[in-house]
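In: attaching a predicted model along with its sequence, questions to come.
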Amino acid sequence: MILFPAIDLKEGRCVRLVQGDMAQAIVFSDDPAAQAATFQEQGFSWLHVVDLDGAFAGAPMNAAAVDAILASVRIPVQLGGGIREMRTVEGWLAKGVSRVIIGTAAVKDPTFVREAARRFPGRIAVGIDAKDGKVAVEGWAKTSTVTAEELGRRFEDAGVAAIIYTDIARDGILKGLNIPMTLALAQAVKIPVIASGGLASIEDVHRILEPDCAGLAGAITGRALYDGRIDPKEALAAIARARGTQGKSQQAG
C-alpha cells in the first residue's frame, strides 16, 4: 500500500478542485516544487501530479511547474493530464517522470495506450475517473457511456502498470473513498488499482489497510493533507505497521 500525496496544477499553482470543477479551485501553494520537496521530506515514497489545465486542453500546460517539481525531488513522480500523444509520453519519461497516467485517450484511443505500454513497460498507468459509474473524459467535462470495469478490462493484457480510480463525486469534498466501487474494480481486473477521491482522515487510511482492501496498490490523498486533517507521520507509520504485520503473517504461513 502506497500513499500518494497529490499535487494538482492550475496556472502554475498547487490547487484542489471540488468535484472536478475548475471554477471551484482552492489554491494551497504558489510554489508546487517546494510543496513536492515538503512531501518528500515528510517521508512519502511517491508523488502524484496532475496537470489540470492540460487535462482540459488535451496537451501539457504546466510544463514549467512539472519540470521544477522533478528538479526538486528524488522520489518517483507519476503524472497525468493532457497526455494523449506518444510524443508527450516520450517527452515526460525522458524528463524524469517515472510513470505517466493516460485518461481521456484510454477511452478514445485504446490502441495508443497498448502501444505506449508495450514500448514503456511498467511506466504507463490508466486513469479511470468515474461519475455515477460512467467514465468521464476531457478533464471530467464530459461523460462517456463506458463503465469503469469495462474500461479496466480492455487493458487487462496490455501491460498497464496500474489503474488510478477516482470517484469524481467525492473528489475534493473529504467524504471518504468510495470503497465498494473501488474494490469492485480491483476484483474485476488483475491490474493493480490505486484509489482516489475523498480520502479525508486517518480513519480512511486505516480503512484501506483492512483485509478486504489488501488487493489495492495504494491511495491518493490531496486536500486532507493540505488542510491538516491527515498527519503524514501518523499515516505513513500506520502503513508501515500494516506492512510489517503482513510480512510476519506471510512468513508464519
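Out: That came through fine.
In: where exactly do the strands run in the chain?
Out: Taking DSSP state E as the test, the strands found in the chain are 2-10, 13-18, 21-29, 47-51, 77-80, 99-102, 124-131, 134-137, 142-147, 162-167, 193-196, 216-221.
In: tell me which of those strands approaches V89 most closely.
Out: strand 99-102 (5.4 Å; Cβ to Cβ). For the C-beta atoms, the positions are set from N, CA and C on the backbone; glycine is no exception.
In: which strands and helices sit next to the closest one?
Out: On a contact count with 3 or more Cβ pairs under 8 Å, 6 or more residues apart in numbering; DSSP states H and E, strand 99-102 meets strand 77-80, helix 86-95, helix 110-119, strand 124-131.
In: make a markdown table from the ones you listed and add mean neighbour count to it.
Out: Shown next, in a markdown table, are the helices and strands packed on strand 99-102 (neighbours: other Cβ atoms under 10 Å):
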| stretch | mean neighbour count |
| --- | --- |
| strand 77-80 | 24 |
| helix 86-95 | 15 |
| helix 110-119 | 17 |
| strand 124-131 | 26 |
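In: can you list the ones you listed in CSV and add distance to A25 and mean pLDDT?
Out: Conversion of the helices and strands packed on strand 99-102 to CSV gives the following (distance: least, Cβ to Cβ, whole Å; pLDDT from 0 to 100):
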stretch, distance to A25, mean pLDDT
strand 77-80, 17, 98
helix 86-95, 23, 98
helix 110-119, 28, 97
strand 124-131, 17, 92
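In: columns distance to M181 on top of those, output as a markdown table?
Out: A markdown table is the format used below for those (distance: least, Cβ to Cβ, whole Å):
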| stretch | distance to M181 |
| --- | --- |
| strand 77-80 | 19 |
| helix 86-95 | 28 |
| helix 110-119 | 22 |
| strand 124-131 | 7 |
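In: and the ones you listed: which comes nearest K142?
Out: strand 124-131 (9.7 Å).
In: neighbouring contacts of that closest one?
Out: With contact meaning Cβ atoms under 8 Å, 6 or more residues apart in numbering, strand 124-131 is reached by 20, 78, 80, 89, 99-103, 106, 113, 116-117, 135-137, 140, 143, 147-148, 151-152, 155, 159-169, 181, 185, 191, 194.
In: what is the end-to-end distance of stretch 122-136?
Out: End-to-end distance for stretch 122-136: 24 Å, by Cα to Cα, to the nearest Å.
In: who's in contact with A36?
Out: Counting by Cβ under 8 Å, 6+ apart, A36 touches I7, L47, V49, I69, S72, V73, V77.
In: list only those of those flagged as buried.
Out: Using 16 or more other Cβ atoms under 10 Å as the burial test, the contacts of A36 include I7, L47, V49, I69, S72, V73, V77 as buried.
In: picking that back up, give the PyMOL command for selecting the buried subset of the contacts of strand 124-131.
Out: To isolate the buried members of those in PyMOL, using 16+ other Cβ under 10 Å:
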select buried, resi 20+78+80+89+99+100+101+102+103+106+113+116+117+135+136+137+140+143+147+148+151+152+155+159+160+161+162+163+164+165+166+167+168+181+185+191+194
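In: pick the one among the contacts of A36 closest to P60.
Out: Nearest to P60 among the contacts of A36 is V49, at 11.5 Å by Cβ to Cβ.
In: that closest one is in contact with P76, isn't it?
Out: No: applying Cβ atoms under 8 Å as the test, V49 and P76 come out as separate, 10.8 Å apart.
In: which residues of the stretch 1-150 of the chain score low on pLDDT?
Out: Applying pLDDT under 70 to the stretch 1-150 of the chain picks out residues 19, 139-141.
In: try it again with 80
Out: For the stretch 1-150 of the chain, applying pLDDT under 80 flags the ranges 18-21, 132-133, 137-142.
In: next one: the stretch 151-253 of the chain
Out: For the stretch 151-253 of the chain, the ranges with pLDDT under 80 are 169-175, 245-253.
In: what segments of it are helices?
Out: Taking DSSP state H, counting those that start in this stretch, the helices of the stretch 151-253 of the chain run over residues 179-188, 202-207, 223-227, 232-252.
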